[in-house]
Structure formats: structure tokens, C-alpha cells
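Participant: Below is the sequence, then the predicted model.
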Amino acid sequence: MSAATSLLEAEGIVPFQMDQHMSVLEGSIGILPARLMVADRDEFAARAILRDNGLDD
């Protein structure tokens, strides 16, 4: 999550982390994965940046 956030911010895209507190509450066993959201206008570029850096799962 932090790597993806850093990559996007370096390209001027402002990401928003969702569900990070829920992941902590459920014990970080992976039932509720955290999500990284971006504005609709940044989606294409964000996907390309993450894909180019091997973070497109």
C-alpha cells in the first residue's frame, strides 16, 4: 500500500486509502483488504503507473 501510494503521489496523483482502519480492527488477517482509490480522471494513469511497477494485482 505504501509503495503504491508513493508511486502515485510522485506522479501528482492523490490517492485515498480506504478500509485501512477496518483491516486493523479485524486483526490484519486479510479478510478485509485495504483499497487505494483515485479520482476518476486519474484512473487510467494510476493503473498504468501501478502496472508498470508490478503492483497491478
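Facilitator: Alright, I've got the coordinates.
Participant: only C-alpha atoms for contact and neighbour calcs from this point on.
Facilitator: Fine.
Participant: What ranges in this protein fall below the confidence cut-off?
Facilitator: Within the chain, the stretches with pLDDT under 70 are 20-31, 57.
Participant: what about 80?
Facilitator: Across the chain, residues meeting the criterion (pLDDT under 80) sit at 19-34, 57.
Participant: At which residues are the strands of it located?
Facilitator: 16-18, 35-37 (DSSP state E).
Participant: in its sheet, what does the first one sit against?
Facilitator: Based on DSSP bridges, the strands next to strand 16-18 in the sheet, each with its direction, are strand 35-37 (antiparallel).
Participant: Do a quick rundown of the helices in the protein.
Facilitator: 2-10, 20-25, 43-52 (DSSP state H).
Participant: What is the longest one packed up against?
Facilitator: Same thing as helix 43-52. Counting contacts by 3 or more Cα pairs under 8 Å, 6 or more residues apart in numbering; DSSP states H and E, helix 43-52 packs against helix 2-10.
Participant: quick one: the helix it packs on to chain centroid distance?
Facilitator: Here the centre of helix 2-10 is set off from its chain's centre by 8 Å, with Cα atoms, centre = their mean, to the nearest Å.
Participant: Then stretch 44-53?
Facilitator: Mean-position distance between stretch 44-53 and its chain equals 11 Å (Cα atoms, centre = their mean).
Participant: Can you check which of the helices of the chain gets nearest to R35?
Facilitator: Shortest distance between R35 and the helices of the chain, using Cα to Cα, is found for helix 20-25: 7.6 Å.
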